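>>> All I have is the shape, not the residue letters:
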Ligand SMILES: [Zn+2]
């Protein structure tokens, strides 16, 4: 009977969330675009440069508890699939892709957080289409096949991606002046084949003068870096708490 209880405990322990108390929590931060792909542009700024600057500042905050890794450190072009592969090969705990938005209506402003899924609105589908970069389309056939294979696995990460996405929004709400446009779903290629939770964040609209000024300024960038860092800490802590709760429950 004791052996059975021990085996059950080991089995449940193996399935329980990873214990983050001792381990470094590792995050792959992806600065969107790069090299020949500028992303979108504002009146005075370029998306690829803003997001790289923010990603690098975030990586400088790495500590013993949380390590921030980057998909790119310079102005280089990296295929979208490769960015996801880098996260998968490094077995990181979380993936964050950073972008800036653009729309014809210059009055639209704020931040959107996306998890992978079908776009529910025309606006979400258009944003995904632009970020997926038709100009730089990769091997679509192979990608579609891997997309089908990954469809089963990714639902396991959807809940965690939504949890983290909500933490990003509450972190922005408490420390930033950026308006929050909500947590959404769209078919972003960079999120499709991830083996871990992941989000894509459209930090601000470069088509809106005030948003562009904010996200281009040192003050705005520092604020956004702090918001992102806090969201990662909150997410890591929530996983640690659920891991501890699980162990408490199994001891009953
Ligand atoms: Zn982008």
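Happy to help now that I have it. In this text the structure is predicted, and so the values were computed from the model without any measurement. Residues are numbered from 1 along each chain as shown.
>>> And residue 69, its phi and psi?
Per-residue torsions, residue 69: phi -110, psi 160 (degrees, to the nearest 10).
>>> in the sheet, who's paired with it?
residue 28 (DSSP bridges).
>>> check contacts around it.
26-29, 59, 90, 92 (CB atoms under 8 Å, 6 or more residues apart in numbering). For the C-beta atoms, the positions are set from N, CA and C on the backbone; glycine is no exception.
>>> Now do the nearest residue to residue 64 once chain neighbours are set aside against the ion, distance only.
In space, residue 64 comes closest to residue 24 once its chain neighbours are excluded; the distance is 6.5 Å by CB to CB, 6 or more residues apart in numbering. To the ion, residue 24 is 29 Å away according to CB to the ion, to the nearest Å.
>>> Tell me how many other residues surround residue 24.
13 (other CB atoms under 10 Å).
>>> And residue 63, by the same measure?
Residue 63: 11 neighbours (other CB under 10 Å).
>>> Three-state assignment for residue 201, please.
Recorded secondary structure, residue 201: strand (DSSP: H, G, I helix; E, B strand; the rest coil).
>>> Name the residues linked to it by a beta bridge.
residue 98, residue 113.
>>> related to what we said a few turns ago, out of the contacts of residue 69, which end up buried?
26-29, 59, 92 (16 or more other CB atoms under 10 Å).
>>> what residues are up against the residue in the stretch 101-250 of the chain that the ion sits nearest to?
In the stretch 101-250 of the chain, the residue found nearest to the ion is residue 131; the distance is 4.7 Å by CB to the ion. Residue 131 is in contact with 32, 99, 188-190, 200, counting by CB under 8 Å, 6+ apart.
>>> Distance check, the residue nearest to residue 64 against residue 242.
18 Å (CB to CB, to the nearest Å).
>>> For residue 127, which residues are in contact?
101, 112, 114, 119, 186, 202.
>>> and the fifth one, how many neighbours?
In terms of burial, residue 186 registers 24 neighbours under the definition other CB under 10 Å.
>>> got the phi/psi numbers for it?
phi -160, psi 160.
>>> Just give the nearest non-adjacent residue to whatever residue of the chain ends up closest to the ion, would you?
At 3.3 Å from the ion, residue 99 is the closest residue in the chain, using CB to the ion. Computed as CB to CB, 6+ apart, the closest residue to residue 99 that is not its neighbour in sequence is residue 32, at 4.2 Å.
>>> again with residue 182
residue 112 (6.6 Å).
>>> Same question for residue 40.
Using CB to CB, 6+ apart, the closest residue to residue 40 is residue 102 (3.8 Å).
>>> my read: that neighbour touches residue 208, true?
No - counting by CB atoms under 8 Å, residue 102 does not reach residue 208; the two are 9.1 Å apart.
>>> quick check, residue 74 in a strand?
No - read with three-state DSSP, residue 74 is coil and lies in no strand.
>>> Distance of it relative to residue 23?
29 Å.
>>> Over to residue 91?
11 Å.
>>> Then residue 185?
Residue 185 is 30 Å from residue 23, by CB to CB.
>>> And residue 52, by the same measure?
On the measure of CB to CB, residue 52 and residue 23 end up 28 Å apart.
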